[in-house]
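Chemist: Give me coordinates for this.
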Amino acid sequence: MLRPLQNIKLIIVSLCLLATDISSAQTKYRPSDLFPAQPLLPPGNSYRTATGEPGPAYWQNKADYVINVALDDKTNVITGTATITYTNNSPKALSALWLQLEQNVFKKDSRGIQSKLFLYQDPEKTTPDGGYQVEGVQLAGNKAGNIKYHIYDTRMQLELAQPLLSGQAISFSIRYRYNFPVNYKNADFLVNRTDILPTKNGNIYAVAQWYPRMCVLDDVEGWNTLPYLGNGEFYLEYGNFRVNITVPSGLIVESSGDLLNPEEVLTSAALKRWQAAKQSDVPVQIRTAKEVTDPSSRPAKATCTWKFKLDNARDFAWTASRSFIWEAESFKLADGKRVMGSSVYPVESEKQGSWKRSSEYIKFTLQHFSENWFPYPYNKAVNVASNLDGMEYPGMVFCSAKDTGNMYFAVVNHELGHTWFPMVVGSNERKYAWMDEGFNMFIDKMATKAFNKGEFIGYVEIDSPLDSLFAEKLLPIVTRPDALPGNQVYPLQYQKVAYSLALLRNQILGPERFDRAFRKYIRDWAYKHPTPWDFFRSMDSSAGEDLTWFWKSMFLENYRLDQKIVKVESSAGSQPIITVENMDKAAMPLVVEINYADGSKEHREFPVEIWEYSSVYTFTGDKKAAVAKVTIDPDKIYPDVDRSNNGYEVKR
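Modeler: Predicted structure coming up:
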């Protein structure tokens, strides 16, 4: 039995607790959601460690390609034979292989068109049926015989007569052709990723997704065979490429790879300029604007076969046109490696002026990213004026021929930035577009600040209003691209990711600690296949922080931040007592500025752990003085969705 005084104390305590419960009744915040007793991330294993690194048993398969292809620029038909050598490094035997046939999205009955993720630009126009016409699949080398295959929309399965054992390789050839896609567009976001740009001196062909490509077999999901619908991009194995491209001799060809036979495809004058450009620190015009219409600027024969090689890459793209001005220079990176930067564009782009700065932008971008994150891996980089708004491939990017000024720099910087994500760090774009688009936008914005004393500094700001990045209707960042409404793709998987990483770097970890952790992630997963969980674990381990609360709020869920000043107790002779409540599901560190009546200020910062057990936090100011005003996050650093409750003025 309790004594009366104890009963009074118990009633007072109970009333205090009830008052706290009442003040918190409207909050959505639950500490256990962000600070769980059990780990949020799946446990590590021998393939992928709990510290976010490839494990001792990590494996991935390899795909090498020898491709002979021809372009008929009168009919816009591509014909080719791809010989693929596939090495099974997995621990199991394979009875079948899977390949991607992304061109099949242009078939009239494709899932992409039926789901309206791909549309016709002009529905009234007669459009030739697209997609691959596969003419046969055969074993290569000494082993003759056809391979039975099945095509399901944008995927092809090969039935193997004998299982491909662990450690073994198989070589096979695929003969194919397709009509170059025209009159298509992505319904919600981007134009088609391969296209033709008509110019007054000839078509510019942006040739991509132009050969059957191996699907990725990994330890996480087995065969990755998601269909290509339009929004989601690509997930590819690494390997070596040998590519021979035959075109009418009037066309200039550039590609992802190193040109092996310049003397066979260039005139003597162009060859000398090309060789000079490989050593020149200033741009060299390999083909001038005047020469575009001069037949003598090209070899006097019917066709040319351009031969290229590219090693340890996940893809290969190329371009061809009669209309190209061709400019190139070379420059050194921080590690001493010399890289050749090429730009090919029509006279229409030259007259706009911005394309004359292409060499400058290529040089800056590759030097900046190489110095800050990871060395540029290729011997060349090509910037192509095209009908695409912007698309990236190893050693080659397609930018819009119409872009000028700020936008042109932004697109070149962004597309070349994709060298690091996903060309070096080979994440699964089809499922996790944010791991390349968002990461890339994050480093792009840092590069923009550094370019030419901030010439394009205005581009650094997030384009969308901050509250739109945390609107209630938004899906989580980890949502698959094909499952996103079109108006959410850019703000969510580009901008919100870039904003979140900048917040983590600048406010939570600090630049030095973040940069060291981010570099380690890139280095550990270079030419490998990380998942989101590998990234989260890598950053946690390298930074020495459990960032579960951050990953869940910003990436795994669409949690919103709303910090509110609930009460300020203040008098002239005592320290103020300030109570803040977390009203929504996200948590962030707390920053408070106290303005005293005597004109002085006090700045207080509290770690995120104050929210680990409660939605309410109370603290005492340092000064014994009356308070005039209290403000949460006065510099608007954190993404608070309701600023109206961030301020509290004491009425006198």
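
Chemist: And what about residue 374, helix, strand or coil?
Modeler: coil (DSSP: H, G, I helix; E, B strand; the rest coil).

Chemist: number of nearby residues for it?
Modeler: Neighbours of residue 374 under the rule other Cβ atoms under 10 Å: 16. (C-beta placed from N, C-alpha, C; glycine too.)

Chemist: pLDDT score for the nearest residue to it once chain neighbours are set aside?
Modeler: With sequence-adjacent residues excluded and distances taken as Cβ to Cβ, 6 or more residues apart in numbering, residue 374 is closest to residue 522, at 4.8 Å. pLDDT for residue 522: 99.

Chemist: Over to residue 469?
Modeler: For residue 469, the model assigns a pLDDT of 93.

Chemist: Kindly report the same for residue 456.
Modeler: On the pLDDT scale, residue 456 gets 82.

Chemist: Ok, residue 75 next?
Modeler: 95.

Chemist: In three-state terms, how would it be classified?
Modeler: With three-state DSSP as the criterion, residue 75 reads coil.

Chemist: Tell me the bridge partners for residue 561.
Modeler: In this structure, residue 561 bridges to residue 640 when assessed by DSSP bridges.

Chemist: Pull the contacting residues for it.
Modeler: Listed by Cβ atoms under 8 Å, 6 or more residues apart in numbering, the contact partners of residue 561 are 470, 553, 582, 584, 586-588, 638-641.

Chemist: just to revisit the earlier point, okay, now the residue nearest to residue 374: neighbour count?
Modeler: Residue 522: 18 neighbours (other Cβ under 10 Å).

Chemist: and the contacts of residue 561, which of them are in strands?
Modeler: Among the contacts of residue 561, the members falling in strands are residue 582 (criterion: DSSP state E).

Chemist: Would you format the contacts of residue 561 as a markdown table with distance to residue 390 and neighbour count included?
Modeler: Shown next, in a markdown table, are the contacts of residue 561 (distance: Cβ to Cβ, whole Å; neighbours: other Cβ atoms under 10 Å):
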| residue | distance to residue 390 | neighbour count |
| --- | --- | --- |
| 470 | 26 | 22 |
| 553 | 30 | 25 |
| 582 | 40 | 26 |
| 584 | 35 | 21 |
| 586 | 32 | 27 |
| 587 | 36 | 25 |
| 588 | 33 | 23 |
| 638 | 31 | 19 |
| 639 | 27 | 21 |
| 640 | 33 | 24 |
| 641 | 31 | 17 |
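
Chemist: is it true that the residue nearest to residue 374 touches residue 373?
Modeler: Yes: with contact defined as Cβ atoms under 8 Å, residue 522 reaches residue 373; the gap is 5.8 Å.

Chemist: rewinding a little: which pair in the contacts of residue 561 has the greatest spatial separation?
Modeler: Using Cβ to Cβ, the pair of the contacts of residue 561 lying farthest apart is 470 and 582, separated by 14.6 Å.

Chemist: what kind of secondary structure is the residue nearest to residue 374 in?
Modeler: Following three-state DSSP, residue 522 is assigned to helix.

Chemist: since we're on residue 432, how many residues are nearby?
Modeler: When neighbours are defined as other Cβ under 10 Å, residue 432 has 24 of them.

Chemist: Not counting residues beside it along the chain, what's closest to it?
Modeler: In space, residue 432 is closest to residue 532, 5.9 Å off (Cβ to Cβ, 6+ apart).

Chemist: any idea how far the one you found is from residue 53?
Modeler: 15 Å (Cβ to Cβ, to the nearest Å).
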